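Student: I'd like to go over a predicted model; first the sequence, then the structure.
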Amino acid sequence: ITVIALPLFFDPNDYKPQLTQLVKEQTGQDLQIPGEIELSVFPWLGIKLGKVELSNAQGFGKQPFAKMDSVDVRVELLPLLKQQVSIGRIELSGLKLDLQRNRQGKTNWDDLVKQDKTPAAKPKQTSPQEDQALALASLAIGGISINNASASWKDQQNNQHIQVQMLDLQSGAIKDNEPINLKLATRFSSNKPDIKGTADLKTRGLFKQSNNSISLDDTALTLHLTGSALPANKLDAELASNKTFLNQDKQTLEIQGLTLAIFGAKLHADLKATGLDKNPRYQVNLASDPFSAKEVARQLAITLPETADKNALSHVQLSSKLIGDLNNVTIKPLSLQLDTSSMNGYLQVKNFAQPAVRYQLSLDKINADRYLPPVTKNKSGKSVAPATAASSQALQLPTRLLRSLDINGDIKVGQLQISNMHSEQLELGTKAKDGVIRFYPIKANMYKGSYSGDTRLDVRGKTPRLSMNDRLTNINIGPLLKDLWGDDKVPVSYT
């Protein structure tokens, strides 16, 4: 009866002066509570505040550090007797935060988080997992509603200003091992980097105390961004996943049905990661829908050279599997479709700090002329290769970079057309180590004959040395000249 009657004899508004004085003494900042304070006791122990405002720390301006229009928090009384916390729906409206750091590195909330130097009694030692399990087991929240919140961050040390505006967060009931619906929408802007835009997030979460895990189902994030820090000053992206599962006990992460639509391309992936806290390892199955490389380049503000075939680069599709850690990655299998050409193989990079690259690639066919600049014709109607600018300066090789290369790989091409010349069964091997770069074997079948070569570049000394050993065997010159120049007047063979 006393508990029920408490609100009849106790008015919390009578204690506003004492409360504001206490805040002033502890922080040096002014607390204003122009709104009403409403107190409830049974069956919910709760408090509802109207407008509240906390002044800024000295030297950070006259605008409030924090203000809000209203907040409503209630706790069910009877479960507290069983050491359980059952919170009703938390509602917060019109929250505005002004966060700053001055040129000396001091923030305007330093006075609010002063360390208490009084020695505290040593608490009973428990593991983080035990603490979290106890908290989740005894906590239930009816939901969270944050409406029209905003925050501003001004960093005078870096001349950075970030704003979050019109933030709305809505959640369903939060309980252990029960699904939680979550929606978030906001606008934001930043001067460093120069970006502004909107973000919308929807997901369904599940917290499981029994194995200390978090899962997110049917997640969808949409971004619309503009600003000079972005390619073409614009970015629209959609990120979604069917299921995301994080097991904190085992330190594992799994994402199923991940999709990313960005820059005119759409990627699909499934990811598994282990050892998140110590030695992260990952496995990713990656694929894409067909996309236009030219459209992707346009959205990235990249100007590609004009191609002889206007339809070149219009169909690209990839599929691969990545396995690696923070220092190594293996892409196997690697499958790439480029227009009418298909490439398969694998690529491996070890030690990102000093990369060792290994690869084996196989390309079925490619018409390289489609991707070269358009060919012009002279007055006689013969094709003329695009002009190149002459240079009076000697070629300067990046010797320091070349000396660091560690490459061992091989690429094979079934059919190749370039400058209208045709060849088959090409193979190019590459080895680079300790400043010696060798292209061997180099071989191809062409015009009823063959070509083989061995090219070596040595950059170990001050002066790079280049050696070439080429051999043409039984080449039918007539068809070759006709394909190359459109004129067959030398029907001889060269051996």
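Tutor: Okay, I see it. Numbering: from 1, shown residues only.

Student: Provide the backbone phi and psi angles at K350.
Tutor: Note on K350: its backbone torsions stand at phi -110, psi 140 [degrees, to the nearest 10].

Student: got it, and P479?
Tutor: phi -60, psi -30.

Student: which residue packs closest to it, ignoring adjacent ones?
Tutor: Leaving aside its sequence neighbours, P479 sits nearest to Y447 (Cβ to Cβ, 6 or more residues apart in numbering; 5.5 Å). In short, each C-beta sits where N, CA and C put it, glycine included.

Student: phi, psi for that neighbour please.
Tutor: Main-chain dihedrals, Y447, degrees, to the nearest 10: phi 50, psi 50.

Student: that one and S419, how far apart?
Tutor: Separation of Y447 from S419 (Cβ to Cβ, to the nearest Å) stands at 13 Å.

Student: these two - which one has more neighbours?
Tutor: Y447 (21 against 13; other Cβ atoms under 10 Å).

Student: mind listing what that one touches?
Tutor: For Y447, the contact set (Cβ atoms under 8 Å, 6 or more residues apart in numbering) comprises H422, I475, N476, I477, P479, L480.

Student: sorry, back to before: who touches both of Y447 and S419?
Tutor: Joint contacts of Y447 and S419 (Cβ under 8 Å, 6+ apart) do not exist.

Student: on that earlier part again, give the PyMOL command for selecting the buried subset of the contacts of Y447.
Tutor: The buried residues among the contacts of Y447 can be selected in PyMOL (16 or more other Cβ atoms under 10 Å) with this line:
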select buried, resi 422+475+477+479+480
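
Student: in strands only, show me the contacts of Y447.
Tutor: Taking DSSP state E, the ones among these that sit in strands are H422, I475, N476.

Student: let me know the closest of those to Q104.
Tutor: Using Cβ to Cβ, H422 comes nearest to Q104 of the ones in strands among the contacts of Y447, at 71.5 Å.

Student: gap between the closest one and S452?
Tutor: 17 Å.

Student: and what of T27?
Tutor: Distance of T27 to S452, computed by Cβ to Cβ: 82 Å.

Student: between those two, which has more neighbouring residues?
Tutor: T27 (19 against 15).

Student: what's the nearest residue to the more buried one if we skip its chain neighbours?
Tutor: D111 (5.0 Å).

Student: ok, so of the ones in strands among the contacts of Y447, who is nearest N212?
Tutor: N212 lies nearest to H422 out of these, by Cβ to Cβ, at 62.9 Å.

Student: just to check, that closest one is in contact with A444?
Tutor: No. Counting by Cβ atoms under 8 Å, A444 is not a contact partner of H422; they are 9.9 Å apart.

Student: overlap in contacts of those two?
Tutor: Common neighbours of H422 and A444, using Cβ under 8 Å, 6+ apart, are L416.

Student: I'd like to know how far E76 sits from S86.
Tutor: E76 is 4 Å from S86, by Cβ to Cβ.

Student: what comes up buried for the lengthiest strand in the chain?
Tutor: Using DSSP E, we find that the single longest strand of the chain is strand 139-155. The neighbour-count check on strand 139-155 (16+ other Cβ under 10 Å) flags 139-144, 146-147, 149-155 as buried.

Student: with stretch 292-302 instead?
Tutor: So for stretch 292-302, counting by 16+ other Cβ under 10 Å, buried means A293, K294, V296, A297, R298, Q299.

Student: list just the nearest of those to T340.
Tutor: Among these, A293 lies closest to T340 (Cβ to Cβ), at 14.1 Å.

Student: what about the nearest residue to the closest one once chain neighbours are set aside, neighbour count?
Tutor: Of all residues not flanking A293 in the chain, L313 sits nearest, at 4.0 Å (Cβ to Cβ, 6+ apart). When neighbours are defined as other Cβ under 10 Å, L313 has 20 of them.

Student: repeat that for L223.
Tutor: 15.

Student: quick check: closest non-adjacent residue to it.
Tutor: Excluding its sequence neighbours, the residue lying closest to L223 (Cβ to Cβ, 6+ apart) is A237, at 4.7 Å.

Student: before we move on, what SS does that neighbour have?
Tutor: strand (DSSP: H, G, I helix; E, B strand; the rest coil).

Student: would you agree it is in contact with A265?
Tutor: No. If you go by Cβ under 8 Å, A237 and A265 don't touch, sitting 10.7 Å apart.

Student: list the contacts for I442?
Tutor: Here I442 is in contact with E427, L428, G429, Y451, S452, G453, D454, T455 (Cβ under 8 Å, 6+ apart).

Student: and the second one, how far is that from P355?
Tutor: For L428, the distance to P355 (Cβ to Cβ) stands at 20 Å.

Student: again with I214
Tutor: I214 is 35 Å from P355, by Cβ to Cβ.

Student: do N285 as well
Tutor: Distance from N285 to P355, by Cβ to Cβ: 24 Å.

Student: using PDB, list the CA coordinates for the lengthiest helix in the chain.
Tutor: If you go by DSSP state H, the chain has its longest helix at helix 16-27. The C-alpha coordinates for helix 16-27 follow below in PDB (Å, rounded to 0.1, in the frame of the first residue of the first chain):
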ATOM      1  CA  LYS A  16      14.700  19.700  -9.300                       C
ATOM      2  CA  PRO A  17      16.800  22.400  -7.500                       C
ATOM      3  CA  GLN A  18      18.800  19.800  -5.500                       C
ATOM      4  CA  LEU A  19      19.400  17.700  -8.600                       C
ATOM      5  CA  THR A  20      20.600  20.700 -10.700                       C
ATOM      6  CA  GLN A  21      22.900  21.700  -7.800                       C
ATOM      7  CA  LEU A  22      24.400  18.200  -7.500                       C
ATOM      8  CA  VAL A  23      25.200  18.200 -11.300                       C
ATOM      9  CA  LYS A  24      26.700  21.600 -11.000                       C
ATOM     10  CA  GLU A  25      28.900  20.500  -8.100                       C
ATOM     11  CA  GLN A  26      30.000  17.300  -9.800                       C
ATOM     12  CA  THR A  27      30.600  18.600 -13.400                       C
END
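
Student: just how off-centre is it within its chain?
Tutor: Chain-centre distance of helix 16-27: 45 Å, with Cα atoms, centre = their mean, to the nearest Å.

Student: equivalent analysis for stretch 435-443, please.
Tutor: Going by Cα atoms, centre = their mean, where stretch 435-443 is centred and where its chain is centred differ by 37 Å.

Student: can you give me the buried ones in that stretch?
Tutor: Residues of stretch 435-443 classed as buried: G435, V436, I437, R438, F439, Y440, I442, K443 (neighbour count, 16+ other Cβ under 10 Å).

Student: stretch 259-279 too?
Tutor: Burial within stretch 259-279, assessed by neighbour count using 16+ other Cβ under 10 Å, is assigned to 260, 262-265, 267, 269-274, 276.

Student: now for these, which pair is the farthest apart?
Tutor: Going by Cβ to Cβ, the pair spanning the buried residues of stretch 259-279 furthest: G264 and T274, at 33.6 Å.

Student: show me where the stretch 1-150 of the chain has strands.
Tutor: For the stretch 1-150 of the chain, the strands defined by DSSP state E, counting those that start in this stretch occupy 31-32, 37-40, 44-49, 52-54, 66-68, 70-76, 85-93, 96-101, 139-155.
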